[in-house]
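Visitor: need a 3D model of the following:
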Amino acid sequence: MLLYIHGFNSSPLSEKGIVTAQFMAEFYPDITFHQPQLPPDPTDGVTLLSSIVESALAQGETLNFIGSSLGGYYASYLVEKYGGRAVLINPAVKPFELFDEFIGSQYNPYTDEHYQVVAQHKDDVKAFNTEAILNPDRFLVLLQSGDEVLDYRQAVQKYHCCQLLLEAGGDHSFVGYDKKLKRICQFLFLDK
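Guide: From the prediction side, this is the model:
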């Protein structure tokens, strides 16, 4: 099973989401692929992700994750809780520290949804924090130093013991992501 987890205010309809879905359909059609639209509420989002993971485990599936930005933060939590392997794309490390600037009305251009970020969401997100990575061999972290949204150095510090690919330049979307999908799938053992 591969679970793709999009970031804050994003969607499976983002460029990375679409490219990933197309790649999986073309090269790994036998792999169960999940790409849910997360609800804006962080607790509801992790509940949805956990239900997908628990269902996959009940069916004896191997767990694999791709998480982008806030999705990388959630993927870290899920791997440490349930097992499996994850590739993190410019992952958020301490997103709860950034939530104050998003409190209030938000608009998701992918889903055309208006919603509210409330102060409680900051604490809700913090509840899924993984202070330390206990299983570094389960992670491949792709970072670009030109990320204009998140400080890539936080991810370097947190995931220093994991496989890291740090590229100069780029941006938060991870320029050239489509060219990394083969390597991503090799890391996740999807070639077996």
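Visitor: pLDDT score assigned to the most centrally placed residue in the chain?
Guide: In the chain, the centroid-proximal residue (Cα atoms, centre = their mean) is Gly67; its distance is 1.6 Å. We have a pLDDT of 98 for Gly67.
Visitor: on the three-state scheme, it is what?
Guide: strand (DSSP: H, G, I helix; E, B strand; the rest coil).
Visitor: what of Asn129?
Guide: Classified using three-state DSSP, Asn129 is coil.
Visitor: that one: what's it in contact with?
Guide: Tyr73, Tyr77, Lys94, Phe96 (Cβ atoms under 8 Å, 6 or more residues apart in numbering). In short, each C-beta sits where N, CA and C put it, glycine included.
Visitor: am I right that Ser51 is in a helix?
Guide: Yes. Assessed by three-state DSSP, Ser51 belongs to a helix.
Visitor: where's it relative to Pro36, distance?
Guide: 10 Å (Cβ to Cβ, to the nearest Å).
Visitor: which of these two has more neighbours?
Guide: Pro36 (16 against 11; other Cβ atoms under 10 Å).
Visitor: grab the nearest non-local neighbour of that one.
Guide: Setting aside the residues directly before and after it, Pro36 is nearest to Leu48 in space (Cβ to Cβ, 6 or more residues apart in numbering), at 5.9 Å.
Visitor: cool, and Ala75?
Guide: In space, Ala75 is closest to Gly67, 3.0 Å off (Cβ to Cβ, 6+ apart).
Visitor: burial check on Ser145, number of neighbours?
Guide: As a burial measure, Ser145 scores 14 neighbours (other Cβ under 10 Å).
Visitor: contact partners for the residue nearest to the centre of the chain?
Guide: With Cβ under 8 Å, 6+ apart, Gly67 has these contacts: Tyr4, Ile5, Tyr73, Tyr74, Ala75, Ser76, Ala86, Val87, Leu88, Ile89, Pro91.
Visitor: no more questions from me, cheers.
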